[in-house]
Structure formats: structure tokens, C-alpha cells
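[1] quick one: sequence plus predicted model below, questions after.
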Amino acid sequence: MSENVTVVPLWERLPSAFGYGFRRSPLSLGLILGVLGAVLVVHLSSWVMVLLYAILFKYAFVVLQDSAEGEEQPPQLSWEVLGDEYELLVKYLAMFIFFLLAVVSLAGRIGGTATTVLLYLGVALLPGVTMLLVQTRSFWSAINPVLLVAMITRIGWAYLVLLVFWSLLAAGQQLLMGLLASLNNPYLLLFLFFALATWFTVINFHMMGYILLQSHERLGNELPEALQPDPEQQRLAAFDGFMQQGKTDAAIAELESLLKETPRDMGLHRRMHNLLLASQKTEQLASHTRRVLPFLLENRQGDIGAGFYKDCAGLSEDCAPRRADCYGKLAQALRHRGDSRRAALLVNAFNRQFAADDPNKPQFYLDVAHILAEDLNQVSQARRLLEVVENTFPADPLMAEVQAYIVTLRGL
């Protein structure tokens with residue numbers, strides 16, 4: 001299903017990516033950590049700084065996971081987000097300790113230059129290690145060079161783009177921190193330090209998550225549910241394409257094909273009706289109206305059916321249903337919509353199509369007689385219809401009701 005959805009590359013949505021850190025939740029977290037850092041670190045100890053960083057990176061990992069799942073909005077600040085499941089953060093810290101121990105153990109053997117190269121390599125691989133940790137949730141998988149190289153290779157040059165942005169953000173953060181170092185007020189310095197650290201960290205982790213989303217197919221991941229195409233939109237993709245290209249006949253043919261698969265889909269019938277009406281396809285509109293009316297009238301959707309019929313009857317005289325048992329229901333539906341005149345005219349269509357002794361005539365004629373007498377003040381016409389029923393169907397179960405109404409009409 002993911003082949004029908006294109007994820008916009010990171011480099012085409014940079015304003016949104018950088019603006020991610022300025023949305024309400026990241027800004028609020030930056031302000032909270034800034035205030036706590038300014039107040040607590042000065043008066044307590046540096047361990048408070050470790051705690052505040054733990055909260056920041058806990059939030060950052062949620063940002064990464066949500067971004068990889070296609071969530072556009074930053075996660076809300078809540079206990080569920082900030083207070084639970086520090087597993088990834090612990091493993092992340094363990095990776096740093098593992099890497100530093102490895103560098104220290106190798107430094108004496110490989111020399112200063114090689115150690116510097118190793119440190120730069122570690123920094124370049126850090127985004128990949130972080131993404132791999134989130135993907136696998138395994139410390140050992142995250143430090144596995146085979147898995148790491150495989151993932152970076154599959155991501156391709158998008159990983160290099162990520163590194164460029166990481167480098168720019170890191171350089172910007174260092175530059176700002178350097179400028180702030182001259183401040184004499186420790187409270188203001190710590191406030192700005194934590195606020196800026198929050199912004200840069202959230203953006204970095206958002207970019208990593210988005211790169212995972214962008215590369216989901218290459219990494220063998222399913223498209224996140226949040227981005228899965230709507231089944232209805234996917235089913236109508238060909239129809240929408242034809243409409244955008246102005247190919248009305250092809251669009252109609254596509255709807256016909258879909259209606260063969262799901263003949264009771266009212267959404268499709270509405271689309272078909274509106275398209276045929278707008279394009280003045282009179283014969284096809286009449287055919288579709290005749291076909292759909294019985295379904296609508298039998299399923300308590302007479303108001304929709306009456307609307308379809310009214311639209312069609314304005315263009316064609318061949319819209320009436322081909323089933324005699326539908327006429328009474330259609331007449332009542334038209335009456336309910338305030339179109340009693342059109343309801344009464346159904347008598348002509350009924351008489352053209354059906355035999356004089358059709359068993360549905362008594363009920364239909366009785367319904368129309370009520371409409372003629374009560375809505376249109378055509379009492380004599382109503383009485384004549386009922387007299388036809390009285391003479392043609394003397395044994396019909398409705399005869400007592402018909403005769404009683406004839407007496408009522410004679411008294412008017």
C-alpha cells in the first residue's frame with residue numbers, strides 16, 4: 001500500500017523541520033527546563049543537570065519515535081511521555097559509556113591521530129546508532145557494526161544530508177553557547193543553556209525520526225498507520241484521476257465498474273447521479289435513476305430517491321421506476337418533499353408501463369387520490385381514480401377504505 005504514498009523528503013520541508021522545535025510542547029519544555037536549571041543547578045548540584053538532561057532526552061526519544069510514525073505534531077508534555085519507560089535512555093547512555101571505554105582502551109595503541117579519527121567516526125555514526133536503537137530497542141543490535149552499516153547503506157545519501165544538518169545545528173549551538181558564556185548572570189546563563197539545548201535536541205531527534213519515515217521502504221518497514229491511504233480514497237483514485245483530467249466518460253465508466261462490485265454503495269450512487277446530472281448525460285441519468293430507485297425506496301431512503309427522481313424528471317420523461325410496487329412509495333416521498341404535483345403525475349407513467357389490472361394499482365391510486373384532494377384541491381380527479389379502482393378491483397382488500405374515501409370526497 002505504501003507505493004501509493006510519497007513521503008516528502010526532509011530537505012523539501014526544512015522550514016517545518018526547524019519550526020518543529022518552536023511549537024508549543026517543545027517550547028514549554030525548554031522554558032520549564034530552563035527555569036529548573038537556573039534555580040536548582042546553582043543552589044543544589046550538577047546532578048540536577050543530569051536529571052534535567054534525562055528528562056530532555058526522554059522527550060527527544062518520544063519525538064523520534066512519533067516522527068518515524070508520521071506524527072506531525074510534537075508529543076504533549078505528560079507523565080506518560082516524560083515519566084515512564086526510560087529503557088531507551090538507559091541503553092543510549094550505555095552506548096556512550098561503551099564507546100568511550102573502547103576509545104580509551106584503544107587510544108594508547110593507535111595514537112592520537114587515529115583516536116581523533118575514531119572520535120569523528122563515532123560522531124558521524126551517532127545518528128545511525130540512535131535510529132537503530134529506536135528501531136530494534138536492543139543495545140547489542142545498536143552497537144552491531146553489520147546492522148549499523150546495513151541500515152545506513154539502505155538510507156543512502158539521505159543519511160549524509162542528515163549529517164549536514166546535524167553539523168549545522170551543532171555548530172549553531174556551539175556558537176550560541178560561546179556567545180552566552182560571557183554572561184555574568186549564572187541564572188540567565190543556565191536558563192538560556194537549557195532552553196537552547198532543548199530546541200536543538202528536539203530538532204535533531206525529529207530529523208532522525210523523519211529520515212526513518214522517509215526511508216521506510218528501503219528499511220523494510222510498513223508505512224505508518226497514520227499515513228496509510230484512506231481505503232475509500234484509494235478505491236476512487238482512478239475516478240478522481242479521470243475527473244482531474246476532464247475525462248467524464250472514463251470517470252462514468254469507472255463508477256459503473258465500482259457499482260458492479262458494490263451495488264449498494266450510496267456514496268457511489270450519489271457521485272454517479274451528480275456527475276450524470278452535471279454533464280447532462282440524460283439517457284444514462286434516466287437509466288441510473290430507474291436502477292437505483294427501488295433500492296432507495298425499499299431501504300427508507302425515499303427522500304434521497306425523490307430527489308434523484310426530481311432531478312432526472314427535469315431532463316427526461318423516462319425516469320420512473322420499472323417496478324409497479326415502487327410507485328406508491330415514490331409518490332409519498334415526493335409529497336414529503338413538497339412536490340405533490342410531480343407525485344400526481346406518476347399516474348401517467350404508471351398507466352403507460354403497467355396493465356390496467358396490475359395488483360399494485362389500488363394502493364397507488366389511493367395514495368395519489370389523497371395527494372390530489374388534500375394537497376392540490378383536485379377532488380374530482382381524485383374521485384375518478386378511486387372509481388376506477390372500485391370498478392376494476394371489487395374484491396381488493398383495500399375496497400372498504402377506497403369506498404369510504406369516495407364517500408368523503410363526494411361530500412366535499
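    Received, thanks. Note that this is a predicted model, so its numbers are computed, not measured. Numbering: from 1, shown residues only.
[2] contacting residues around the nearest residue to Arg218 once chain neighbours are set aside?
    The shortest distance from Arg218 to any residue other than its chain neighbours is 4.3 Å, reached at Arg154 (Cβ to Cβ, 6 or more residues apart in numbering). (C-beta placed from N, C-alpha, C; glycine too.) Arg154 sits next to 215, 218-219 when contact means Cβ atoms under 8 Å, 6 or more residues apart in numbering.
[3] export these to JSON lines and append columns for neighbour count and pLDDT.
    Output for these, formatted as JSON lines (neighbours: other Cβ atoms under 10 Å; pLDDT from 0 to 100):
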{"residue": "Ser215", "neighbour count": "20", "pLDDT": "89"}
{"residue": "Arg218", "neighbour count": "13", "pLDDT": "85"}
{"residue": "Leu219", "neighbour count": "17", "pLDDT": "85"}
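[4] which one among those residues gets closest to Gly338?
    Distance to Gly338, by Cβ to Cβ, is smallest for Ser215 among the contacts of Arg154, at 59.6 Å.
[5] so how far is Thr153 from Leu160?
    According to Cβ to Cβ, to the nearest Å, Leu160 and Thr153 sit 12 Å apart.
[6] circling back to that earlier point, please identify which of the contacts of Arg154 is nearest to Tyr187.
    Closest to Tyr187, out of all of those and judged by Cβ to Cβ, is Ser215, at 42.9 Å.
[7] isn't the closest one right up against Trp157?
    No - between Ser215 and Trp157 there is no contact under Cβ atoms under 8 Å: 10.7 Å.
[8] so where's the stretch 201-350 of the chain uncertain?
    Within the stretch 201-350 of the chain, the segments meeting pLDDT under 70 span 225-231.
[9] mind listing the helices for it?
    Here the stretch 201-350 of the chain has its helices, by DSSP state H, counting those that start in this stretch, at 231-235, 237-244, 248-261, 266-278, 282-298, 302-313, 327-336, 340-353.
[10] how does this structure divide into domains?
    2-227, 232-347, 355-412 (automatic domain parsing).
[11] if we can go back for a sec, which one of the helices of the stretch 201-350 of the chain is the most hemmed in?
    When the helices of the stretch 201-350 of the chain are scored by mean count of other Cβ atoms under 10 Å, the highest mean neighbour count falls to helix 327-336 (a mean of 23).
[12] redo the helices of the stretch 201-350 of the chain as CSV? Include distance to Leu190.
    Formatted as CSV, these follow (distance: least, Cβ to Cβ, whole Å):
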stretch, distance to Leu190
helix 231-235, 50
helix 237-244, 54
helix 248-261, 63
helix 266-278, 59
helix 282-298, 70
helix 302-313, 66
helix 327-336, 73
helix 340-353, 79
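[13] between those, which one is nearest to Ser141?
    Here helix 231-235 is closest among those (Cβ to Cβ), at 34.5 Å.
[14] please save the CA atoms from that closest one in PDB.
    Extracted in PDB, the C-alpha atoms of helix 231-235 (Å, rounded to 0.1, in the frame of the first residue of the first chain):
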ATOM      1  CA  PRO A 231      -9.400   2.900   1.500                       C
ATOM      2  CA  GLU A 232     -12.200   4.900   0.100                       C
ATOM      3  CA  GLN A 233      -9.800   7.400  -1.500                       C
ATOM      4  CA  GLN A 234      -7.700   4.600  -2.800                       C
ATOM      5  CA  ARG A 235     -10.700   2.900  -4.400                       C
END
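[15] what about it, distance to the chain center?
    Here helix 231-235 is found 11 Å from its chain centre; the criterion is Cα atoms, centre = their mean, to the nearest Å.
[16] nearest to Pro186, out of the helices of the stretch 201-350 of the chain?
    Comparison of the helices of the stretch 201-350 of the chain against Pro186 by Cβ to Cβ identifies helix 231-235 as nearest, at 56.2 Å.
[17] assign Gln381 to helix, strand or coil.
    Secondary structure state of Gln381, per DSSP: H, G, I helix; E, B strand; the rest coil, is helix.
[18] for it, which non-adjacent residue is spatially closest?
    Counting by Cβ to Cβ, 6+ apart, Leu372 is the residue found nearest to Gln381 once chain neighbours are left out, at 5.1 Å.
[19] any idea which helix or strand carries the one you found?
    Secondary structure from DSSP states H and E places Leu372 in helix 361-374.
[20] show me what that helix is packed against.
    helix 327-336, helix 340-353, helix 379-392, helix 399-410 (3 or more Cβ pairs under 8 Å, 6 or more residues apart in numbering; DSSP states H and E).
[21] same list (the ones you listed) but as TSV, adding distance to Ala124.
    Conversion of these to TSV gives the following (distance: least, Cβ to Cβ, whole Å):
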stretch	distance to Ala124
helix 327-336	72
helix 340-353	77
helix 379-392	90
helix 399-410	91
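[22] and of those, who's closest to Phe364?
    Comparing these by Cβ to Cβ, helix 327-336 comes nearest, at 4.4 Å.
[23] contact partners of that closest one?
    293, 297-298, 302-303, 305-306, 309-310, 320-321, 340, 342-344, 346, 349-350, 360, 363-364, 367-368, 371, 375.
[24] same question for stretch 240-253.
    Against stretch 240-253 from outside (Cβ under 8 Å, 6+ apart): 233, 239, 254, 272, 275-276, 279, 281, 284.
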